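K.L.:
the following block contains a protein sequence and its predicted model.
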Amino acid sequence: MEYALALLVLLGLVALAVVPPLMRRGETFAREEGRRAELDAAKEAKYREIRDAELDLQMGKLSKDDHREVDRELRAEAMVILRVARSRGSRWRGRSTAHPLNRAAGPRRHVHHRTV
């Protein structure tokens, strides 16, 4: 009987030592997934802005010079997002085989840039 009680106390102490770090790992994983989702959404939004600027050029809303400037700025911003994602160990590889800029344009979103 004493051995059973000692064994239960020992198991309880082991559980108290093991469970909290495992719980923190789950919280860390959830936080990282949230950050990854935010970066993924920012990346997709930036790609959408690039596609919108290309459409504006085709529709004559932007001159070639204005488009070149807007495109350069948007692509630079996209690169920053991708660098941050890589620095945080984002696992975007394997999510999509098609380059996002080659996909059909999604819903039109207003882009703030100069018009001609």
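P.N.:
Ah, there it is. Small disclaimer: the values here were computed from a predicted structure and weren't measured.

K.L.:
quick one: name whatever helix or strand follows the helix or strand Ala37 falls within.
P.N.:
Assigned by DSSP states H and E, Ala37 belongs to helix 2-58. Taking DSSP H and E as the definition, the helix or strand that follows helix 2-58 towards the C-terminus is helix 64-87.

K.L.:
what's that following helix packed up against?
P.N.:
helix 2-58 (3 or more C-beta pairs under 8 Å, 6 or more residues apart in numbering; DSSP states H and E). Yep, even glycine has a C-beta here, placed from its N, CA and C like the rest.

K.L.:
for the helix it packs on, give the mean pLDDT please.
P.N.:
Taken as a whole, helix 2-58 has a mean pLDDT of 84.

K.L.:
show me what it is packed up against.
P.N.:
Helices and strands in packing contact with helix 2-58 are listed as helix 64-87; criterion 3+ C-beta pairs under 8 Å, 6+ apart.

K.L.:
quick one: the helix it packs on to helix 2-58, angle?
P.N.:
Note on geometry: by axes from the mean of the first three to the mean of the last three C-alpha atoms, to 10 degrees, helix 64-87 and helix 2-58 are set 170 degrees apart in direction.

K.L.:
give me the buried stretch members for helix 64-87, please.
P.N.:
By neighbour count, with 16 or more other C-beta atoms under 10 Å as the criterion, the buried positions of helix 64-87 are Asp66, His67, Val70, Asp71, Leu74, Arg75, Ala78, Ile81, Leu82, Ala85.

K.L.:
restricting to C-alpha, output that helix in PDB.
P.N.:
Listed next in PDB are the C-alpha coordinates belonging to helix 64-87 (Å, rounded to 0.1, in the frame of the first residue of the first chain):
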ATOM      1  CA  LYS A  64       4.000  52.700 -68.300                       C
ATOM      2  CA  ASP A  65       6.200  55.000 -66.200                       C
ATOM      3  CA  ASP A  66       3.700  55.100 -63.300                       C
ATOM      4  CA  HIS A  67       3.200  51.400 -63.500                       C
ATOM      5  CA  ARG A  68       7.000  50.800 -63.400                       C
ATOM      6  CA  GLU A  69       7.300  52.900 -60.300                       C
ATOM      7  CA  VAL A  70       4.200  51.300 -58.500                       C
ATOM      8  CA  ASP A  71       5.300  47.800 -59.500                       C
ATOM      9  CA  ARG A  72       8.900  48.400 -58.200                       C
ATOM     10  CA  GLU A  73       7.500  49.600 -54.900                       C
ATOM     11  CA  LEU A  74       5.000  46.700 -54.500                       C
ATOM     12  CA  ARG A  75       7.600  44.100 -55.400                       C
ATOM     13  CA  ALA A  76      10.000  45.600 -52.900                       C
ATOM     14  CA  GLU A  77       7.300  45.400 -50.200                       C
ATOM     15  CA  ALA A  78       6.600  41.800 -51.200                       C
ATOM     16  CA  MET A  79      10.300  41.000 -50.900                       C
ATOM     17  CA  VAL A  80      10.300  42.400 -47.300                       C
ATOM     18  CA  ILE A  81       7.300  40.100 -46.400                       C
ATOM     19  CA  LEU A  82       9.100  37.100 -47.900                       C
ATOM     20  CA  ARG A  83      12.300  37.800 -46.100                       C
ATOM     21  CA  VAL A  84      10.400  38.200 -42.800                       C
ATOM     22  CA  ALA A  85       8.600  34.900 -43.500                       C
ATOM     23  CA  ARG A  86      11.900  33.100 -44.200                       C
ATOM     24  CA  SER A  87      13.600  34.500 -41.200                       C
END
